[in-house]
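> Return a 3D structure for these sequence lines:
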Amino acid sequence: MDTRQIQALLVYLGYDPGEVDGLPGKNTRRAVLAFQAQEGLTADGSPGPLTQAALLEAVACGRCRQAQASGAQTVPEWWADIRYFKRTDSGIACPCGRCGGFPVEPTERLMRLADRVREAAGAPMRPSSTVRCQAHNDELSGSVPNSRHLSGKAMDFCIRGCGADRTLALVRQQPEVRYAYAIDNRYVHMDVE
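Below is the predicted model:
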């Protein structure tokens, strides 16, 4: 990927690399640093292979820059105990690009459930939707107005190498699951009280 492409992707995601001119200047470096920090990558300002892959994934998932409110957002301490997921992972925050990503926090109960399902599966679990703002939820085909995603109590995901039937079986073994169903042949929805 050349510098112009990296700059264009950064602009698309809401970062400011300056003019999309193909020159790796200080604004591009600052934008790369901000992107790396938000994505939980090593923040060195260099758009190497891992950063380029993360840029492509962020674009594919619609994971735009999360605006910081004037007061710093407090991340609950329990996130430190979550083994397989980070708050900055793809599919955790609302991807709309308008609400700042976290109109609500995913509940601790949901994320601990996700950890247990991931552990039981023994394979990577990829969330596609966890937190949603009302505007984004309203735009999604098939979403209900009172979706549990709005309160941080639901996650849609797939598990690498697992079909929805096997994933549902793993989910339904967990006692705190309120409701779970197959979205398609790969993705599953689960929610908690």
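> Please enumerate the helices of this structure.
Here the chain has its helices, by DSSP state H, at 3-12, 26-39, 49-61, 108-121, 134-139, 164-172.
> now those helices in CSV, with mean pLDDT and mean neighbour count?
Backbone N, C-alpha and C define where each C-beta goes, glycine included. CSV is the format used below for the helices of the chain (pLDDT from 0 to 100; neighbours: other Cβ atoms under 10 Å):
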stretch, mean pLDDT, mean neighbour count
helix 3-12, 92, 19
helix 26-39, 86, 19
helix 49-61, 90, 15
helix 108-121, 96, 19
helix 134-139, 92, 15
helix 164-172, 96, 17
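> Tell me which of the ones you listed lies nearest to residue 154.
The minimum distance between residue 154 and the helices of the chain falls on helix 108-121, with 7.2 Å, by Cβ to Cβ.
> Just name whatever secondary elements the closest one is in contact with.
strand 125-129, strand 154-159, helix 164-172, strand 188-192 (3 or more Cβ pairs under 8 Å, 6 or more residues apart in numbering; DSSP states H and E).
> Just put those in JSON lines and tack on distance to residue 146.
Below are the helices and strands packed on helix 108-121 laid out as JSON lines (distance: least, Cβ to Cβ, whole Å):
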{"stretch": "strand 125-129", "distance to residue 146": "15"}
{"stretch": "strand 154-159", "distance to residue 146": "11"}
{"stretch": "helix 164-172", "distance to residue 146": "21"}
{"stretch": "strand 188-192", "distance to residue 146": "12"}
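> nearest to residue 182, of these?
Closest among the helices and strands packed on helix 108-121, using Cβ to Cβ: helix 164-172, at 3.7 Å.
> between the closest one and strand 125-129, how big is the angle?
90 degrees (axes from the mean of the first three to the mean of the last three Cα atoms, to 10 degrees).
> Show me what helix 164-172 is packed against.
helix 108-121, strand 154-159, strand 177-182, strand 188-192.
> OK, contacts around residue 27?
Contacts for residue 27 were tallied using Cβ atoms under 8 Å, 6 or more residues apart in numbering; they are 16-18.
> before we move on, the earlier item: any chance of the helices and strands packed on helix 164-172 in TSV, plus distance to residue 87?
Below are the helices and strands packed on helix 164-172 laid out as TSV (distance: least, Cβ to Cβ, whole Å):
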stretch	distance to residue 87
helix 108-121	9
strand 154-159	13
strand 177-182	22
strand 188-192	17
